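Engineer: Sequence isn't available, so here's the structure alone:
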């Protein structure tokens, strides 16, 4: 996206997370550090290498979904449908505001309905073909959440699903912003959804030692940028944004959280199980994102970091920021919300964009909770444990993934967007 395109604004935020239902509960949790990580209750994980996660334990979200979908959709899709309803309500957007062909849907998910597909395969092996649930099997595809959201919202414009690992929802939001900026659609429901807390995922990632296996202080097991970070904590849920062309949003009197300035991504291309600790590709992507957004390193007021509590991811992120921003990196506040939330794979960056929008609204940086003894290799201003008031005009949101994915989005405050447009 370049600055020659029209403005794109975020007018609605819907969040379903382990913190609870709704953006304000989410905001309070990441600001104040409310604990949501605990022992896995979804299945018996006592014999697993890791038995902790951040689960959604309140089923209140189900009241937002048509009863028939509760029987035929996967958990990943249900989360997306609930968060979409919240986002549309938050945007005060009626179905009559945009014609169906003016509305699009773009989602990101890493695993989709993989868990339910595995369940149906087990039923097939044990009980035979006549016992397989055709609805859940068909609905387990990664593109199912976006398709179901398109049906519910009657969106007949551009539709897409990104399944690029942990960066999936960052790529989805960036693509959605491009579509609106170019005028292909006027409005887009976009974000991410994920439900990875399943026996196979926990077992496999426990064996590869990617997950934190701490049992002494479970609620504080996720420790981004801390010397005791030992792996990430699985999380789940959905964060959904409503994007609109800025002029259309203003014309209807919508409240605007932030304007999307630009995005960029790059690939380390080293190894699917590793990340490049040199930070070259990630730094190049940040610089491209800033250039496309029409801003420079000195303009940044905050970086909402990936910070997933994995030592090599946290250290890589520090290196990337230093390489991309130079001496400015030491002066820019950086924080991660995953000390509270854990890591929701493909939905994680949608949660981060939602957090960044709320930070701009409140002019308050959410802290990096559980950061008590910084990793010596993570030596930037990571805003430990206490929220920080700040004048937030330009914010960078970062996402990284296995195999060396790097993705970024730049946002600016709506007040600044108004000044620039006049």
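Structural biologist: Thanks, I have it. Since the model is a prediction, treat every value here as computed from it, not as a measurement.

Engineer: From now on I want contacts and neighbour counts done on CA atoms only, so please keep to that.
Structural biologist: Fine.

Engineer: What helices and strands are in contact with whichever helix in the chain runs longest?
Structural biologist: Ranked by residue count and defined by DSSP state H, the top helix of the chain is helix 75-91. Contacts defined by 3 or more Cα pairs under 8 Å, 6 or more residues apart in numbering; DSSP states H and E place helix 75-91 against strand 8-17, helix 144-153, strand 187-194, strand 237-245.

Engineer: quick check: angle from the shortest one to helix 144-153?
Structural biologist: Interaxial angle of strand 187-194 relative to helix 144-153 (axes from the mean of the first three to the mean of the last three Cα atoms, to 10 degrees): 140 degrees.

Engineer: Given strand 187-194, what are its sheet partners and their directions?
Structural biologist: Neighbouring strands of strand 187-194 in its sheet, by DSSP bridges, are strand 103-108 (parallel), strand 237-245 (antiparallel).

Engineer: With mean neighbour count, distance to residue 39 and mean pLDDT added, can I get the ones you listed in JSON lines?
Structural biologist: Formatted as JSON lines, the strands paired with strand 187-194 follow (neighbours: other Cα atoms under 10 Å; distance: least, Cα to Cα, whole Å; pLDDT from 0 to 100):
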{"stretch": "strand 103-108", "mean neighbour count": "31", "distance to residue 39": "27", "mean pLDDT": "98"}
{"stretch": "strand 237-245", "mean neighbour count": "30", "distance to residue 39": "17", "mean pLDDT": "98"}
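
Engineer: For the stretch 301-422 of the chain, just list every one of the helices.
Structural biologist: Ranges of helices within the stretch 301-422 of the chain are 311-325, 338-341, 348-362, 414-421, based on DSSP state H, counting those that start in this stretch.

Engineer: picking up where we left off before, okay if I get the strands paired with strand 187-194 as TSV plus distance to residue 412?
Structural biologist: Compiled in TSV, the strands paired with strand 187-194 are given as follows (distance: least, Cα to Cα, whole Å):
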stretch	distance to residue 412
strand 103-108	22
strand 237-245	14
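
Engineer: how does this protein divide up, domain by domain?
Structural biologist: As assigned by automatic domain parsing, the chain contains the domains 8-251, 262-415.

Engineer: Which elements pack onto the helix or strand harbouring residue 204?
Structural biologist: Using DSSP states H and E, residue 204 sits within helix 199-207. Packing partners of helix 199-207 (3+ Cα pairs under 8 Å, 6+ apart): none among the helices and strands.

Engineer: and that helix, how far out from the chain's middle?
Structural biologist: With Cα atoms, centre = their mean, to the nearest Å as the basis, helix 199-207 stands 22 Å off its chain's centre.
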